Each structure stands twice: as C-alpha cells, then as structure tokens.
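> structure here, sequence nowhere to be found:
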RNA sequence: GGUGCUAUCGUCUAGUGGCCUAGGACAACGGCCUCUCACGCCGUAAACCCCGGUUCGAGUCCGGGUAGCACUACCA
C-alpha cells in the first residue's frame, strides 16, 4: 500500500529564516505538490533560551511571500497566523504532555535513563578527558539511574533535582540509514553518544525526541532536510525502533548545503553582510540582539526569481531548461536529480534570474513597485509634489528602460533624467561627444525644433535627419550633443523616445540650458 | 582528534562504460546591431583532484591517497 505523501518543514524560531532553510522548504513543497500530498509546517521551539520574538511570524510571512503554500500546521493568512489540521498543536512548546508520555515509554522499556550530571560536571569531564563522550563506555561512571539505587533516583526527582533523560544507545551495532539522495549510509552505534532526549529544567524535550515523536504522530512519510542532519540520522533510526515504529519510519533525504560564494564553509548571515547581498528572504529586525538583516524582498527581488534561483541551486531539471515557473518546478522536480555536493551560493546568477522575471512583469506593475523609490528620489531632488510625473508616464519610461536593469530600485539610475533635468554634464561624455561645433549645431537645432509642425518621433526624425543631411553634418556628432543636452550624458534610450516623454517645451528648455552651461 | 558525506570549466551543473575532439547556464572576453549607454544576437576562452586497478575501452566501476564540508551540546 502506498503511503500518502506528507512532508514537513520544521524551523526553529531563533531568528530570520536562512536562505538555505528556504530552499529546504521549497524542495519539501515541490515534493508534496508533485505527489499530491501534504506540506506541513511545524515550529520546533524546544530551546526556550534561543527563542526570538517575531521569528515565527517572519518565517510564515516569508513562505507566504514566496508562494510556498502550507496545507497543514501553521501558516500566514492575511497577516494572521492560523493553525489548520488534525495533528496539532503544531508548536512543540505546546506539546509537552504528549512528550511526557513518550519519555515515560522509553524509560519504562529500558531504552532511556535518567541522568543527574550537571552541565558543569559534564564540562569538567570533557576538560579532563579528551574526546569524552557520554555513551556505553562511560555511562556507568556517571550519576544516573543506571548507577544509582532506584529509591535514590526517585528521591532526587521528587525533590526537584534537575535531571535529563538520555537515550541508551546499544554499542557495536551498524546502523543503516537509507537516504533517497545518497543511498545507504552506515554508521556504527559506538560513535553515537547517549543523546539527551528531555530536560526537566524547562520540561521540554530536545530536538531528537520531539522530532521523532511529532513526525510519527503527524504521519510524515518523507523527511527532507539539510545535510547537517545526516550524522544524527542513525540516532533517529534507533529512536524509531525503540518506539516500535520502524515499519512506518519516514524515508530520509538529506540535501546538500549552501556554501559561501568565496572561500570555504557553510553560507552564513555574516557572508551576506560582508559580500553585500541578502541571505534572508525578508528584511528582519531582530528584537533580541537589535540587528537588522537585509532581505531579498526589500532588495527588489521578485519572489518567482528567488524560487527559480534557489530551485536550481543543488537540483537540475530533466533537460536544459533554466527558467521555471512554480508549476513547472512541481511537474519536473525529482529527488534523484538533487546534487550530492554542496553548492556555492552564486549571487550573480540570482541577479540574472531577477532580470529575466522583471522583463515578464508589465510596465504598470513595475511602475507601481517603483513609485515609492521614485518618490523618495524626487523629494531628495527637491521636486515639488505638483510636478511629480503621471503614473502613465512612469510606466512608459519603465517600458523604455526595464531591459537594462536587474532590480526595480535600479530603475532610478536609468530613468532619473526623465524626471529631473540635468544640472551637470558627464565629463567623459563631453570630452568624447561635445565638439567645437556642437554649440552652433545645437543653436541651429533649437530653431528647427521650435518650428516643427508636430512633436511625434517620426516627424522629428524626418526633419532633423533631413537637416543634418543637408548641412552634411555628422549624425553621430549632432545626435550625441543633443543627447547630452537632454540626458546630461551619452547614455539612455533612443533619442526620439526621450523627446516624446519630455515634450516640446522641456526639450527646448534643456537645449537652451545646456547652451548656457556647457563651456 | 573521531565519524560521515562529497569531489567535472571561476560559479551552478549535464554526463549512470563507447553517442565526450566533455554539453548547457551565469560571470569574463570579442564581434554584430547602433546617435549613446544598455538590452539582444553571434562567437571565444575555460573543467573530468591525484595514483593505481577492472575492461578491448573509464569523467563514468573498484581501491588507496588528497582536499573540502558537515557532525561531534541539557542548539536546532
């Protein structure tokens, strides 16, 4: 019998959602959708000391922005967090009673034991003995229910002594983990330590226990997570067995890591700050440490570009296709086309993806996105609100320039001269394009433009080109000088597209101004 | 240190024993287009970590090195 595909993304609310985590969420989502299964979101907040306020909202909002839909568990709807599904609660901190029962099961069956060693004692032990590990070799020398009389253990527990419950790993066993991406991975249980499963100090389980219990109870069929979990996968297998859940144990798939673009190591928040690109989907204001992290959304990225870019970092399609919509990704996704090796984060390619998706958006849509940026620049330039451009004009100008930008905010550098007349002229352009004859040419051009019967591109082109031909002037010389008058530099879209937006009056004014100001 | 994972152009990758004089994409470089700058188009350069073995034949399989990464917490 085929089991219903149910996968989960289970982040910790310890800060902004890392871009690698986003990719993990994406692959889970793609896998679920492709198989007509469910995508769950569970919050793993078993470490009360690392909780960061707002992180949960952030995670859910980021997924919503990216279009990674959640079928069950926690999700964002119209700015509100909602919980859906029959397997709740979906925050581990709200599942204490559930875990109690399973901790007890393990204790009763002899798969776990109570340990009283304090963090300080353990630290001292590690300092004293190199490579100390709490395991079959050492557990009999420690303060735990294996070495102490039952009454003594009971007395300490009843007396409120802080303790932890540790998993009793049986030695000398080869544990096999079948990984969907890497195949068979075998690890001997001797290298595993007796992991802490539960801590009485905050009455919460650790990741390992909560994770197995929840995945089982939530009927998860596939665990798709980062490679950093591969070393603990054997422990998880052992836990499933200890609980007697081996036959419904989910299948594992460990994803390759996202690496630093330069040098070595895992991509981190620091790399983003250092190299100047975001490593988080959304901007995040960390209330706990006061830091602000930049986000893809705020940097002008389109969600579909981020998705496409991330999808191809560590996975490839069945053919040469690089541009994928979410639906196409769902159709083509396959775990066996996920790479085994880590992928260096290539920010340059991310830009290219954004460029591609930017071209697909309508001018009106882009104008809408660009408007706040534009307003700010116009304010800085001292343009009165009464002289702000029409939305239609902005859209038109974007249509002329969008193919040369990667991000919406960059539109300003390409379009500023449409909205603000040049006050200075680019020196390089002047040197190369403003010749001795240019003032005379521009004076003549001014007279011609003043007398044109209509201001459309075709008429202007006919008249001006005719005049240049008559006088045997160089087209390049005249047109570039004209361009400098209007733009302030030798750049920009076609000249008649510029005059069209500027209008007759403004065009003539700029030529006159240039005649006065360029020496 | 221990354990595990990984190893093709600068980067992301294709490649599952002959189709590989190793393919695509980003970036780089050159050309075309052109009143300019871009875009676009066309093209160039650029890689199988090393050593053995198996085989008629290895980027592809095996072994050993080497390197990188991850894990090694009362964090996830």
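Okay, I see it. The structure presented is a predicted model; accordingly, all values stated were derived computationally and were not measured.
> residue contacts, the closest residue to residue A:213 other than its chain neighbours?
Sequence neighbours aside, residue A:102 is the residue nearest to residue A:213 in space, at 5.0 Å (criterion: C-beta to C-beta, 6 or more residues apart in numbering). Quick note: C-beta positions are derived from backbone N, CA and C, even for glycine. Each residue near residue A:102 by C-beta atoms under 8 Å, 6 or more residues apart in numbering is listed here: A:209, A:213, A:243.
> now the strand or helix carrying residue A:461: how far from the chain's centre is it?
Here residue A:461, judged by DSSP states H and E, is contained in helix A:457-471. Per C-alpha atoms, centre = their mean, to the nearest Å, the displacement of helix A:457-471 from the mean C-alpha position of its chain is 52 Å.
> same question, stretch A:65-74
15 Å.
> got the buried residues for it?
A:65, A:66, A:68, A:70, A:71, A:72, A:73, A:74 (16 or more other C-beta atoms under 10 Å).
> and the lengthiest helix in chain A, what does it pack against?
As assigned by DSSP state H, the longest helix anywhere in chain A is helix A:495-517. Under the contact criterion of 3 or more C-beta pairs under 8 Å, 6 or more residues apart in numbering; DSSP states H and E, the helices and strands touching helix A:495-517 comprise helix A:391-401, helix A:411-419, helix A:438-450, helix A:457-471, helix A:475-487.
> run the last query once more with 6 Å
For helix A:495-517, the contact count by 3 or more C-beta pairs under 6 Å, 6 or more residues apart in numbering; DSSP states H and E identifies helix A:438-450, helix A:457-471, helix A:475-487 as packing neighbours.
> before we move on, back to that, narrow the buried residues of stretch A:65-74 to those in helices?
A:65, A:66.
> and the buried residues of stretch A:65-74, which two are furthest apart?
When C-beta to C-beta is used, the two most widely separated members of the buried residues of stretch A:65-74 are A:65 and A:72, lying 19.7 Å apart.
> which strand or helix spans the residue nearest to residue A:249 when sequence neighbours are not counted?
Using C-beta to C-beta, 6+ apart and skipping the chain neighbours, the partner closest in space to residue A:249 is residue A:240 (4.3 Å). When secondary structure is defined by DSSP H and E, residue A:240 falls within helix A:233-243.
> next structured bit after that helix?
strand A:251-255.
> is RNA strand B contacted by whatever helix or strand comes next after that following strand?
Next in sequence after strand A:251-255, counting helices and strands by DSSP H and E, comes strand A:258-259. Yes - contact between strand A:258-259 and RNA strand B, assessed by C-beta under 7 Å from any atom of the strand, occurs at residue A:259.
> from the middle of its chain, how far away would strand A:258-259 be?
Distance of strand A:258-259 from its chain centroid, counting by C-alpha atoms, centre = their mean, is 13 Å.
> quickly note the distance from the residue nearest to residue A:213 to RNA strand B.
15 Å (C-beta to the nearest atom of the strand, to the nearest Å).
> using the record's domain definitions, break chain A down for me.
Listed by automatic domain parsing, the domain ranges of chain A are A:6-91+A:257-344, A:95-255, A:361-417, A:427-517.
> buried residues, the lowest-mean-pLDDT helix or strand in chain A. List them.
Using mean pLDDT, DSSP states H and E, the weakest-scoring helix or strand in chain A turns out to be helix A:269-275, at a mean of 82. Along helix A:269-275, these residues count as buried under the neighbour rule (16+ other C-beta under 10 Å): A:269, A:271, A:272.
> without its sequence neighbours, what residue ends up closest to the second one?
So the one you mean is residue A:271. Counting by C-beta to C-beta, 6+ apart, the nearest residue to residue A:271 once its immediate chain neighbours are dropped is residue A:260, at 5.1 Å.
> what are the phi and psi values at that neighbour?
Residue A:260 has phi and psi values of phi -60, psi 140 when expressed as degrees, to the nearest 10.
> just residue A:143 next, same as before
Geometry field for residue A:143 lists phi and psi as phi -90, psi 90, criterion degrees, to the nearest 10.
> could I get the contacting residues of it?
With contacts taken as C-beta atoms under 6 Å, 6 or more residues apart in numbering, residue A:143 has the following neighbours: A:116, A:117.
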